[in-house]
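**Q** Turn this into a model:
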Amino acid sequence: MIGEAAAQFDKDQPEGSLGNLAADAMLAVVQAHVDTPVQMALTNNGGLRIPLLAGPLTVGHMYELMPFENRLVVLDLSGVQVDSLAQQIARIGGEPIAGFSFTIDGPAARDIRVQDAPLDPNGRYRLVT
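**A** Here you go, the predicted model:
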């Protein structure tokens, strides 16, 4: 056993508890392996294969959840690229993210924030995926 879930974690759109957990975990883990902080994380619902049920969690559950030989990749993005990414995520109805947020308004993203600050189109950001 590697932990215990107090409640079930499920995927959903535009966000769900399982996607939030996965993206938050990616963002937390990558910080220990990089010299320059990473502000954002993005994964996809399609890569999350099972819900995590309430109760004991095992390494086996983690392999069932993400049964691929995934690797984390850190990308350096401009503020304009972050805006474009948010627009793409909004068009498909949402994906699991952490460290940034936005409101989905029809097919568009608005009020984009990174680490609780308004997106700076001239800024530089780091994303783990």
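**Q** any idea how far stretch 28-39 is from the chain center?
**A** How far stretch 28-39 lies from its chain's middle: 14 Å, per Cα atoms, centre = their mean, to the nearest Å.
**Q** What residues sit buried inside it?
**A** Val30, Val38, Gln39 (16 or more other Cβ atoms under 10 Å). C-beta here means a position set from N, CA and C on the backbone, and glycine is covered the same way.
**Q** One more: stretch 55-63?
**A** Buried residues in stretch 55-63 (16+ other Cβ under 10 Å): Leu57, His61.
**Q** Give me the mean pLDDT for that stretch.
**A** Average pLDDT, stretch 55-63: 95.
**Q** just so I have it, where are all the helices in the protein?
**A** 17-31, 59-65, 79-91 (DSSP state H).
**Q** Check what contacts the longest one and list those residues.
**A** Right, the one you point to is helix 17-31. 7-12, 37-38, 40-43, 45, 48, 51-52, 65-66, 72, 74, 95-99, 128-129 (Cβ atoms under 8 Å, 6 or more residues apart in numbering).
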